[in-house]
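Trainee: using only what follows, build the 3D model:
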Amino acid sequence: MLDLLSQHAQAETKDSSFGTYVDTINGITGGTDSKYWLFYVNGEPATVGASEYMTHDGDLIEWRFE
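Mentor: Got it, this is the predicted structure:
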C-alpha cells in the first residue's frame, strides 16, 4: 500500500514502536494543527496500518489529514 501511495504522491514515512506510519504527504507533515495522516478504505477508517494493508481490486483508498 505504501508503494501505491508513493506512485501518486511524495510521501515520507517514519518508524515507531507501533510500526511504520505516513508522516508527510506532498510536503504536509503530521502534527501540524494537531492533525495527522489517516487512510480510509471504501469510506471506512482503516483497521490496520498502511504498511500492513493489502489492497484489493476495486478498493477506494483515501488519505485524509485529520
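
Trainee: got the contact list for stretch 31-39?
Mentor: Contact with stretch 31-39 is made by 1, 21-25, 30, 45-46, 50, 53, 61-66, as judged by Cβ atoms under 8 Å, 6 or more residues apart in numbering. Placement of C-beta: from N, CA and C, glycine included.

Trainee: and the residues you listed, which are buried?
Mentor: Buried members of these, counted by 16 or more other Cβ atoms under 10 Å: 1, 21, 22, 23, 24, 25, 30, 50, 53, 61, 63.

Trainee: how about the fourth one, secondary structure?
Mentor: What it means is residue 23. Following DSSP: H, G, I helix; E, B strand; the rest coil, residue 23 is assigned to strand.

Trainee: if we ignore the residues flanking it in sequence, what's nearest it?
Mentor: Leaving aside its sequence neighbours, residue 23 sits nearest to residue 14 (Cβ to Cβ, 6 or more residues apart in numbering; 4.6 Å).

Trainee: quick one on the thing from earlier: what's the farthest-apart pair in the buried ones among the contacts of stretch 31-39?
Mentor: Comparing every pair within the buried ones among the contacts of stretch 31-39 by Cβ to Cβ identifies 24 and 53 as the most remote, at 18.7 Å.

Trainee: need phi/psi at residue 4.
Mentor: Residue 4 has phi and psi values of phi -60, psi -40 when expressed as degrees, to the nearest 10.

Trainee: what about the closest residue to it other than its chain neighbours, how many neighbours?
Mentor: Among residues not flanking residue 4 along the chain, residue 55 sits closest, at 6.3 Å (Cβ to Cβ, 6+ apart). By other Cβ atoms under 10 Å, the residues close to residue 55 number 11.

Trainee: the one 4 residues further on now?
Mentor: Taking other Cβ under 10 Å as the criterion, the count of residues near residue 59 is 12.

Trainee: roughly how far does the residue lying closest to it once chain neighbours are set aside sit from residue 10?
Mentor: Residue nearest to residue 59 in three dimensions, not counting chain neighbours: residue 41, with 5.7 Å by Cβ to Cβ, 6+ apart. Residue 41 sits 22 Å away from residue 10, taking Cβ to Cβ, to the nearest Å as the criterion.
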